[in-house]
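Peer 1: Test case, fold it:
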Amino acid sequence: MRVIIASATPWGHSALAVVRLSGENLMKVLSHFVRPHSGYPLPHNQARRVDLHDSRGVFDDGLILYSKGPNSYTGEDTAEITCHGNPQIVERLLAAAVAAGVRLAQPGEFTRRAVSNGKMDLIRAEAVMQVATATTQRGLDIGRQGLDGVVSKTVAGFREHLVNIAAECEARLDYPADELAT
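Peer 2: Residues are numbered from 1 along each chain as shown. Purely as a prediction, here's the structure:
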């Protein structure tokens, strides 16, 4: 799948901003606008200091955390770049990535890719949104239970019980004269 990019932090001035990328051939794409101080290849799950550049030169420095798929959030190669939180810097980083062939992500696309790649189920995907938008502690707690798999395990238990009941009913219909478990 084509590499996608999105700002992972709210728009506006702040000390730091995080920009996330995910997709195939990510390392090759990154080489167009990210220069690690220690050079390529980037190690898996170890932060490295980088310079961010475009056709006009270096415009910021920051950190990159690269995760090799399938051991990442989306199941694909991913990178999170932490840069200074000036919107002009974030815009320039997004533009440099787009110039390198990256596509701007649609809302929820990182999580959709995680579901498609078997990294999470739909219940956990819904929990991501619950945690991101909760306005009360109770809402956060419910979202956290979803992310931790509590809800998925409960649903899986119900499903298993219903499958067993359905199998029993089918067996009774197919073999009405046999003594089956009661």
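
Peer 1: Now for this structure: which helix has the highest residue count?
Peer 2: Longest helix in the chain by number of residues (criterion: DSSP state H): helix 150-174.

Peer 1: Just the buried positions in that one, please.
Peer 2: 151, 152 (16 or more other Cβ atoms under 10 Å). Where you see a C-beta, it was placed from the backbone N, CA and C, and this is true even at glycine.

Peer 1: on contacts alone, who are the packing partners of that helix?
Peer 2: Judged by 3 or more Cβ pairs under 8 Å, 6 or more residues apart in numbering; DSSP states H and E, helix 150-174 is in contact with helix 122-133.

Peer 1: which strands and helices sit next to the host helix or strand of residue 91?
Peer 2: Using DSSP states H and E, the element containing residue 91 is helix 87-99. In this structure, helix 87-99 makes packing contacts with strand 4-7, strand 14-22, strand 48-54, strand 57-67, strand 78-85, judged by 3+ Cβ pairs under 8 Å, 6+ apart.

Peer 1: What count of nearby residues applies to the closest residue to residue 144 other than its chain neighbours?
Peer 2: Distance criterion Cβ to Cβ, 6 or more residues apart in numbering; nearest residue to residue 144, sequence neighbours excluded, is residue 131 at 6.6 Å. Around residue 131 there are 16 other residues, counting by other Cβ atoms under 10 Å.
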